[in-house]
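>>> Dropping the sequence and predicted coords here.
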Amino acid sequence: MNDSWKKRTKAVHGGTKRSQFGELSEAIYLTQGFAYDSAEQAEARFLKTEEDEFIYARYGNPTVAMFEERIAALEGTEDAFATASGMAAVTASLMSLLKAGDHVVSAKALFGSCLYVLEEILTRYGVEVTFVDGADLDQWRAAVRPDTKAVFFESVSNPTLELVDIKGVAEIAHAHGALIIVDNVFSTPTFSRAVDLGADVIVYSATKHIDGQGRTLGGVILGTTEFISKTAEPFLKHTGAAMSPFTAWVMLKGLETMDLRVRAQADGALKLAEALQGHPALNHVIFPGLAAHPQHALMQSQMGQGGTVLSFDVKGGQEAAFKVLNALEIVKISNNLGDAKSIVTHPATTTHQRLAPEQKDELGITPGLLRLSVGLEDPDDLIADVKGALDAL
Ligand SMILES: *Cc1c(COP(=O)(O)O)cnc(C)c1O
């Protein structure tokens, strides 16, 4: 692979390793182990003297390695480690780095499971976590201390689509020597500029746009060779959240079409958001691609496009929101996102059900809020579907 290739070329050819047969499509090496020619070779492999030599699939596998190389090339990081799910990537990025007595600052608007890891798990092991309003740089400035080891945030929060200024937070955190760990799912690798903006570690749920067709669960941690090989990899090798070779193959195929899919979905999301804006049945539409979004300018410099997910608040609370969900024909009620199929979810009763009512209020997860992940259907059909359901109220 050539480093000067553009993202779309890397997404198709990056990381490819061919066997002696020269297969064009990537091979699935469904093997847990590798036979050595001699006892000496086995010894040498365990010393890990050479790249691309494999020992055991919990440590690495040729198909998984192809996925890791390809996604690292796209994101612009030196290295990557693929995991069994997005949550395995989030958990390992934090647990591999932190120890009792360390301090972490995190945005409070997080995906429910991320919040659980920071609030319930890390604290149980003696890590102190301070939560801040991610969009307010003054709060980051006040919370980051000389003993802060890492900061964590979602570059676009779920489900209220608030952006965190990666560059701004990175400047604050780097001044204290803290590592910036970004959950970058909603930005997608297509729109991500996280490395240029100062992120040190980037995690993705590959379940979302990377597969993009709702088939497999996966994740990835991206960073420097130093972080991946010395911090993340030892933790992951020994704790076991490895990606399966079959999943890695699905993800490799996903990366080939991701750019086309994500751009088409983002265009559809903008059209739908524009069409819904001002609808009499809605209190408001939230989409970073709309000029009315308070962080529209930050979105333009950080992502270039608003992404593939929008949220809107239905007048009449949960009852009205449920009526809308039940009236939709094309858009499916489910809780994945980034899928080819448009998906809608009611965060207050599903993904964020666990939160106390005050927490929901604080995060803007109102009873009428719906989160819609725009798929690959014709935007005109989606507009008609959603408008039809709203008009029926
Ligand atoms: C889905 C998601 C995760 C978790 O990913 P899984 O693959 O479901 O484990 C983490 N963070 C964000 C922002 C997500 O949307």
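Okay, I see it. Numbering: from 1, shown residues only.
>>> Name the helix or strand for residue 90, please.
Under the criterion DSSP states H and E, the helix or strand holding residue 90 is helix 86-95.
>>> Which helix or strand lies directly C-terminal to that helix?
Taking DSSP H and E, what comes next after helix 86-95 is strand 103-107.
>>> Now the residue nearest to residue 276 when sequence neighbours are not counted: phi and psi?
Nearest in space to residue 276, with sequence neighbours left out and distances taken as Cβ to Cβ, 6 or more residues apart in numbering, is residue 285 at 5.0 Å. The C-beta positions use only the backbone N, C-alpha and C, and glycine is treated the same way. For residue 285, the backbone dihedrals (degrees, to the nearest 10) come out as phi -110, psi 130.
>>> measure residue 352 to the ligand for me?
Look at residue 352 and the ligand: by Cβ to the nearest ligand atom, to the nearest Å, they are 12 Å apart.
>>> Kindly report the same for residue 118.
Where the ligand is concerned, residue 118 sits at a distance of 12 Å (Cβ to the nearest ligand atom).
>>> which residues does that residue contact?
Residue 118 sits next to 94, 104, 106, 110, 129, 131, 152 when contact means Cβ atoms under 8 Å, 6 or more residues apart in numbering.
>>> cutoff 6 Å now
Listed by Cβ atoms under 6 Å, 6 or more residues apart in numbering, the contact partners of residue 118 are 106, 129.
>>> quick one: pLDDT of it?
Looking at residue 118, its pLDDT reads 97.
>>> Helix, strand or coil: sort out it for me.
On the three-state scheme (DSSP: H, G, I helix; E, B strand; the rest coil), residue 118 is labelled helix.
>>> Give the phi and psi angles for the closest residue to the ligand within the stretch 201-350 of the chain, as a check.
For the stretch 201-350 of the chain, the residue positioned closest to the ligand under Cβ to the nearest ligand atom is residue 205, at a distance of 2.9 Å. Residue 205 adopts backbone torsions of phi -80, psi 110, taken as degrees, to the nearest 10.
>>> Touching, it and residue 86? I think so.
Yes: under the criterion of Cβ atoms under 6 Å, residue 205 makes contact with residue 86 at 2.3 Å.
>>> Of these two, which one has the most company?
Here residue 205 and residue 86 are set side by side on neighbour count (other Cβ atoms under 10 Å), and the busier one is residue 205, at 28 against 24.
>>> what are the bridge partners for that one, then?
Residues found in beta-bridge contact with residue 205 (criterion: DSSP bridges) are residue 219.
>>> Between residue 205 and residue 86, which contacts overlap?
A shared contact of residue 205 and residue 86, defined by Cβ under 6 Å, 6+ apart, is any residue touching both; here these are residue 219.
>>> Verify the stated contact: residue 153 with residue 164.
Yes: the pair formed by residue 153 and residue 164 meets the contact definition of Cβ under 6 Å, at 4.5 Å.
>>> neighbour count winner among those two?
Comparing residue 153 with residue 164 by neighbour count (other Cβ under 10 Å), the higher total belongs to residue 153, at 29 against 26.
>>> The helix or strand where that one lies and the ligand in contact?
Assignment of secondary structure by DSSP H and E places residue 153 within strand 148-154. Yes: counting by Cβ under 6 Å from any ligand atom, the ligand is contacted by strand 148-154 at residue 154.
>>> My understanding was that residue 374 contacts residue 266; is that so?
No: Residue 374 is beyond contact range of residue 266, at 7.8 Å (criterion: Cβ under 6 Å).
>>> which neighbours do the two share?
By Cβ under 6 Å, 6+ apart, residue 374 and residue 266 have these common neighbours: residue 308.
>>> Who has more neighbours out of these two?
residue 374 (30 against 22).
>>> OK, contacts around that one?
Taking Cβ under 6 Å, 6+ apart as the definition, contacts of residue 374 comprise 265, 268-269, 272, 308, 342.
>>> So which residues of the stretch 151-300 of the chain form helices?
Across the stretch 151-300 of the chain, reading from the start of the chain, the helices by DSSP state H, counting those that start in this stretch fall at 166-175, 188-191, 194-197, 225-227, 233-239, 245-276, 296-302.
>>> from the middle of its chain, how far away would the longest one be?
When you say that, I think you mean helix 245-276. 13 Å (Cα atoms, centre = their mean, to the nearest Å).
>>> Tell me which residue in the protein sits closest to the ligand.
Among all residues of the chain, residue 86 sits closest to the ligand, at 2.3 Å; criterion: Cβ to the nearest ligand atom.
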